[in-house]
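1. how does the following fold in three dimensions:
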Amino acid sequence: MAHSTFCEIPAGRIAYSRRGMGQPLVLLHPIGVDRSWWDDYVQHWAASFDVVAIDLRGHGDSSLVTSPLTLADHAGDVAAVLRKEKLAGATMIGVSMGGMIAQRVAIQFPELAGALILCATAGGFPDEIRPRILARGDLSRQGSMSEVIDDTIARWFAADTPRPDLVQTCRKRLAADDWFSWSANWQAISQLDNLGELARVSVPSLVVAGDADASIPPALSQKIADALPHGQFVVVPGAAHFGAFDRREAFTKVFDDFLTALAR
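-> Down below sits the predicted model:
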């Protein structure tokens, strides 16, 4: 992972790295991992873009979460980094929880988001599944990450993943995570409710789903594209929840096609 720069926030600090020149791209990772998961993309994009990869609060080199927080709080953290770096009109690229937060940035801080790429993510959940999402962590006890690793890996990767090495990397990353941060972030995800606000997000937007995603079915992702005034929807065949990472070539092509069209 690249050397961390830090942005102070009331709850501690947010770690990030910035590389390249051009139109700004902001990369927001899924729950439980960190910005190093974007390293291959940073390598690819830094020749053409000003790439900012952020460790969301409770992840990587950023401060642990010590009290309950919301996706809106995460968006505030992202905004603090962009203001510190004097960036506006960025293309926000988020996978899973990162995509939920990218939506909040566009809703809360419209001047900071010039376009959206939302991958393997949702804009809201049916009420009946919220308790199941909340139950993935537990703020009321000091649990062990080992309790959740197998289930999490089964949701995130297909059994026949082309990158079994990434599964091992993910296991190690999850095992090292902080239980309270993990649980607080699942609580935040369980409250996801962006769809009603997306009608006022008028920037060009791409929503990408994997048709083998066991965590967020493509139909849930499509609701985001339908709610956005300028939302396009693309499904990548055979891709599981972490398809952006274990099928990077396929996703890079989809992302680059959109970025090229934006630049026209």
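
2. check the residue sitting nearest the centre point of the chain and give its pLDDT.
-> Nearest to the geometric centre of the chain sits Gly98, at 1.7 Å (C-alpha atoms, centre = their mean). On the pLDDT scale, Gly98 is placed at 99.

3. relative to Ala263, how far out is it?
-> 23 Å (C-beta to C-beta, to the nearest Å). C-beta coordinates here come from the backbone N, C-alpha and C atoms, glycine included.

4. what are the boundaries of the helices in the chain?
-> Along the chain, the segments classed as helices by DSSP state H run 39-45, 71-84, 97-108, 130-134, 149-156, 164-175, 179-190, 218-227, 243-246, 248-263.

5. how about TSV for the ones you listed, with distance to Val26 added?
-> Formatted as TSV, these follow (distance: least, C-beta to C-beta, whole Å):
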stretch	distance to Val26
helix 39-45	11
helix 71-84	7
helix 97-108	8
helix 130-134	25
helix 149-156	22
helix 164-175	21
helix 179-190	19
helix 218-227	18
helix 243-246	15
helix 248-263	13
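
6. what's the closest of those helices to Ala122?
-> Closest approach to Ala122 among the helices of the chain (C-beta to C-beta): helix 218-227, 4.5 Å.

7. which residues sit against the closest one?
-> With contacts defined as C-beta atoms under 8 Å, 6 or more residues apart in numbering, helix 218-227 is touched by 103, 118, 120-125, 194-196, 198-199, 205, 207-211, 213, 231-233, 235.

8. filter those residues to the buried ones?
-> For these, a burial check counting by 16 or more other C-beta atoms under 10 Å picks out 103, 118, 120-125, 194-195, 198, 205, 207-210, 213, 231, 233.

9. restricted to strands, list those residues.
-> Leu118, Ser205, Val207, Val208, Ala209, Gly210, Gly231, Phe233 (DSSP state E).

10. for the third one, which residues make a bridge with it?
-> With DSSP bridges as the criterion, Val207 is bridged to Leu118, Phe233.

11. next up, the contacts around it.
-> Val207 sits next to Leu118, Cys119, Thr121, Ser221, Gln222, Ile224, Ala225, Leu228, Gly231, Gln232, Phe233, Val234 when contact means C-beta under 8 Å, 6+ apart.

12. cool, and the fourth one?
-> Contact partners of Val208, counting by C-beta under 8 Å, 6+ apart, are 117-120, 221, 233-236, 244, 251, 254-255.

13. which of those residues lies closest to Ile107?
-> Using C-beta to C-beta, the contacts of Val208 come closest to Ile107 at Leu118, 12.4 Å.

14. and the closest one, how far is that from Leu174?
-> 23 Å.

15. repeat that for Gln191.
-> From Gln191 to Leu174 the distance is 22 Å (C-beta to C-beta).

16. between these two, who's got more neighbours?
-> Using other C-beta atoms under 10 Å, the more surrounded residue of Gln191 and Leu174 is Leu174, with 20 against 15.

17. what sits against Val81?
-> Shown in contact with Val81 (C-beta under 8 Å, 6+ apart): Cys7, Ile14, Tyr16, Val52, Ile54.

18. how about 6 Å then?
-> Cys7, Ile14, Tyr16, Ile54 (C-beta atoms under 6 Å, 6 or more residues apart in numbering).

19. next, format those residues as JSON lines and append distance to His29 and pLDDT.
-> Shown next, in JSON lines, are these (distance: C-beta to C-beta, whole Å; pLDDT from 0 to 100):
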{"residue": "Cys7", "distance to His29": "16", "pLDDT": "98"}
{"residue": "Ile14", "distance to His29": "13", "pLDDT": "98"}
{"residue": "Tyr16", "distance to His29": "11", "pLDDT": "98"}
{"residue": "Ile54", "distance to His29": "8", "pLDDT": "98"}
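
20. between the residues you listed, which is nearest Asp178?
-> Asp178 lies nearest to Ile14 out of the contacts of Val81, by C-beta to C-beta, at 15.4 Å.

21. burial count for that closest one?
-> Ile14 has 27 neighbours, counted by other C-beta under 10 Å.

22. for it, which residues are in contact?
-> Shown in contact with Ile14 (C-beta under 6 Å, 6+ apart): Cys7, Ser62, Asp77, Val81.
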